[in-house]
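>>> take a look and give me a structure for this.
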Amino acid sequence: MSSSPRANAPVAKRKAVTLSTLAAKKALGEPIAMVTAYDYPSAQVAEEAGVDVVLVGDSGAMTVLGYPSTVPVTLDELLMLAAATRRGLTTPFLVGDLPFGSYEVSDEQAITTAQRFVKEAGCDAVKLERGGTSVARARAIIGAGIPVMGHVGLTPQTATSLGGYRSQGRTAERGLDVMHDALALQEAGCFAVVFEAIPSPLTDLIMPRMQVPVIGIGAGPATDGQVLVFHDLLGIYDGHAARFVKRYASVRDQMVAGVTAYTEDVRARRYPEAEHGYTMAPDEVERLQGMLAEQTGEPFTGGFSL
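Okay, the predicted model is just below:
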């Protein structure tokens, strides 16, 4: 029985995703798949899964570092996570999230922070939240030669001022604010903008005005792409899951089951078994026992059992 030519054909190597790739996808109507990742193993998974964009999000503050929100995470902590993620990626476009307090003070601070993500962590671009003064910061970073992804709607770094982790733009006035923020970031030169937790009808109204790719998370199906947090979509994180999260696996359950089985085997002395150990030649065991006998002065009786 002969196999098909397709089955024997070598797998084509994917080309690295670039800004041009993302712009072309928008122009052609090809959806953009984006996920967060925070370390080498999750980056490898994203690579093999064929995603287009990987974001080292400040959400890693909660999913990886155990903080109660994204606010406490430091620049150095996110740079460490971004550098580890970079080492696991070849193809996806890598974006680093600027943490709270690392870009708001001045254009100079914003540029310096963005430069560290590119130089020290190997990111292709950075992301910042909100419109308003963030538009000026985005423009400054872009002027320094670093691509910027914007983020409007629910912006977790300032969730308290927005009334908590809830959908934004649900009134006409607030919807207009979200639209103005998105258009301002686009005008500033952002290569893409994330829409988070905004009503689908609002997305539908804004999209015809957007010339750059829009990545949605809880913003409906009309965006150019979607992003989910790695730990949410795989069911690793045990915290609250937002309405827009779809669980594609229950990895945490499997992890707990595996570690529980290991713990039970250790306590019942079922692990390790013979195949998990290393052997030693019988004559070497006897020689060793003889050497120990000489050192301790104890008589060597031989016949050491293996």
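
>>> next one, pLDDT for residue 235 please.
Per-residue confidence (pLDDT) for residue 235: 93.

>>> and the contacts of stretch 74-89?
Under the criterion C-beta atoms under 8 Å, 6 or more residues apart in numbering, residues 37-44, 46-47, 54, 56, 58, 60-61, 64-65, 94, 96-97, 99, 102, 113, 116-117, 120-123 lie in contact with stretch 74-89. For every residue, glycine as well, the C-beta is placed using N, CA and C.

>>> in ChimeraX, how would I select just the buried ones from those?
For the buried members of these, the matching ChimeraX selection, counting by 16 or more other C-beta atoms under 10 Å, is:
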select :37,38,39,40,42,43,44,46,47,54,56,58,60,61,64,65,94,96,97,99,102,113,116,117,121,123
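
>>> out of the contacts of stretch 74-89, which sit inside strands?
Counting by DSSP state E, the part of the contacts of stretch 74-89 found in strands is 54, 56, 94, 96, 97.

>>> any idea how far the second one lies from residue 272?
Going back to what we said before, that points to residue 56. 37 Å (C-beta to C-beta, to the nearest Å).

>>> do residue 35 as well
Residue 35 is 37 Å from residue 272, by C-beta to C-beta.

>>> again with residue 261
14 Å.

>>> residue closest to the middle of this structure?
residue 37 (1.6 Å; C-alpha atoms, centre = their mean).

>>> so it makes contact with residue 59?
No - here residue 37 does not reach residue 59: they are 10.7 Å apart, not a contact under C-beta atoms under 8 Å.

>>> so how far is residue 201 from the residue nearest to the centre of the chain?
31 Å.

>>> going along the chain, name the helices of the stretch 151-300 of the chain.
172-188, 200-206, 230-233, 251-267, 282-296 (DSSP state H, counting those that start in this stretch).

>>> residues in contact with the shortest one?
Which is helix 230-233. 35-38, 42, 45-46, 63-64, 236-237, 241-242, 245-249.

>>> one more time with 6 Å
By C-beta atoms under 6 Å, 6 or more residues apart in numbering, the list of residues contacting helix 230-233 from outside reads 35, 36, 37, 42, 63, 237, 241, 245, 248.

>>> where in the stretch 101-250 of the chain is pLDDT low?
The stretch 101-250 of the chain contains residues with pLDDT under 70 at 156-166, 239.

>>> give me the three-state assignment for residue 149.
Of the three states, residue 149 takes strand according to DSSP: H, G, I helix; E, B strand; the rest coil.

>>> tell me who's in contact with it.
95, 125, 127, 192.

>>> ok, the residues you listed vs residue 221, which is closest?
residue 192 (17.3 Å; C-beta to C-beta).

>>> distance check, that closest one against residue 186.
9 Å.

>>> any common contacting residues for these two?
residue 212.

>>> the two: which is more packed in?
Comparing residue 192 with residue 186 by other C-beta atoms under 10 Å, the one with more neighbours is residue 192, at 29 against 20.

>>> residue contacts, the nearest residue to that one once chain neighbours are set aside?
Nearest residue to residue 192, sequence neighbours excluded (C-beta to C-beta, 6 or more residues apart in numbering): residue 213, at 4.3 Å. Applying C-beta under 6 Å, 6+ apart to residue 213 gives the contacts 22, 26, 32, 192, 224.
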